[in-house]
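Q: The sequence and its predicted three-dimensional model are supplied below.
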Amino acid sequence: MKVFLDFLPILLFFGTFHYTESHADWAADFATRHLGFLAGGAVAPAEAPVMLATVVVIIASLLQVLYLKATRQKVGLMLWVSLALVVVLGGLTIWLKSDTFIKWKPTGLHWAMAAALWASPVFFGKNLLRTMMGDQLQLPDPIWHRLNWAWVLFFAGLGVLNLVVAYNFSTHTWVSFKAFGTIGLMLVFVLAQGLYLGKHIIDDPAAAKGQDAQT
């Protein structure tokens, strides 16, 4: 259920964009009537799809947080960061009728994740991945260190790649990359990580402590 909730705003953004793109005149009229007061007037058919998709993803993100709060589940820091980014950058997209701002949202989130994973051991001596996954995995300290840096580099690279697609391809292509390219790359990275960790997982916690002491 949690995985579905995590990806639901992205999928709704994708679905809304592609539906309204194929009904551009209707989308422009709808956006003008309901968002014109925010966007400073009439919305053109070329502007309407990304604006309406942005409204949907803002609402979906807000509902996601409200659902977690209502069911007394923890709202993670990155979800709060994601919500803040989508509200601020999405609001600018609607107000200025420019898709540039919402295109920066994935990069902002990926770089925030990379920064958090990098800063935690450097400034606080704490490995966030170990904190989150230590109960499920028994790994030597050097492996946790490498794993943390692998995620730092992955998120940093994903943020750069998002900008490359955003500034060198059409909005249509960027939306598809955001919905499926990012998820696909994440899946490949996690599978590769699983293959690597399979060689280092220690079933006996005492053995893991012994290995850590030797390193």
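A: On my side now, so go ahead.
Q: all helices of the chain, in order?
A: 2-21, 24-39, 48-70, 77-96, 100-124, 128-133, 141-168, 171-176, 182-197, 205-214 (DSSP state H).
Q: Packing partners of the first one?
A: In this case it means helix 2-21. Contact partners of helix 2-21 among helices and strands, from 3 or more CB pairs under 8 Å, 6 or more residues apart in numbering; DSSP states H and E: helix 24-39, helix 48-70, helix 171-176, helix 182-197. C-beta: built from backbone N, CA, C; applies to glycine.
Q: leaving aside the residues next to it on the chain, what's closest to His145?
A: Nearest non-adjacent residue to His145, counting by CB to CB, 6 or more residues apart in numbering: Asn127, 7.1 Å away.
Q: Can you name the residues that contact the one you found?
A: Taking CB atoms under 8 Å, 6 or more residues apart in numbering, we find Asn127 in contact with 120-121, 144-145, 148.
Q: Mind picking out the helix or strand in this structure with the poorest mean pLDDT?
A: Lowest by mean pLDDT, DSSP states H and E among the helices and strands of the chain is helix 205-214, with a mean of 48.
Q: mind giving me the domain split of this protein?
A: Taking automatic domain parsing as the criterion, the chain consists of the domains 1-97, 99-215.
Q: just how off-centre is the shortest one within its chain?
A: So the one you mean is domain 1-97. Relative to its chain's centre, domain 1-97 lies at 14 Å (CA atoms, centre = their mean, to the nearest Å).
Q: for the longest one, same thing?
A: Shown here is domain 99-215, whose average C-alpha point lies 12 Å from the average C-alpha point of the whole chain (CA atoms, centre = their mean).
Q: pLDDT weak spots in this protein?
A: 1-4, 134-135, 200, 202-215 (pLDDT under 70).
Q: contacting residues around Leu35?
A: When contacts are counted by CB under 8 Å, 6+ apart, Leu35 touches 43, 51-52, 55, 94.
Q: closest to Gln138 among the residues you listed?
A: Using CB to CB, Val55 comes nearest to Gln138 of the contacts of Leu35, at 45.6 Å.
Q: doesn't Ile94 make contact with that closest one?
A: Yes: Val55 lies in contact with Ile94 (CB atoms under 8 Å); the separation is 6.8 Å.
Q: hang on, the earlier thing: make CSV out of the helices and strands packed on helix 2-21 and add distance to Phe154.
A: Formatted as CSV, the helices and strands packed on helix 2-21 follow (distance: least, CB to CB, whole Å):
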stretch, distance to Phe154
helix 24-39, 35
helix 48-70, 23
helix 171-176, 20
helix 182-197, 6
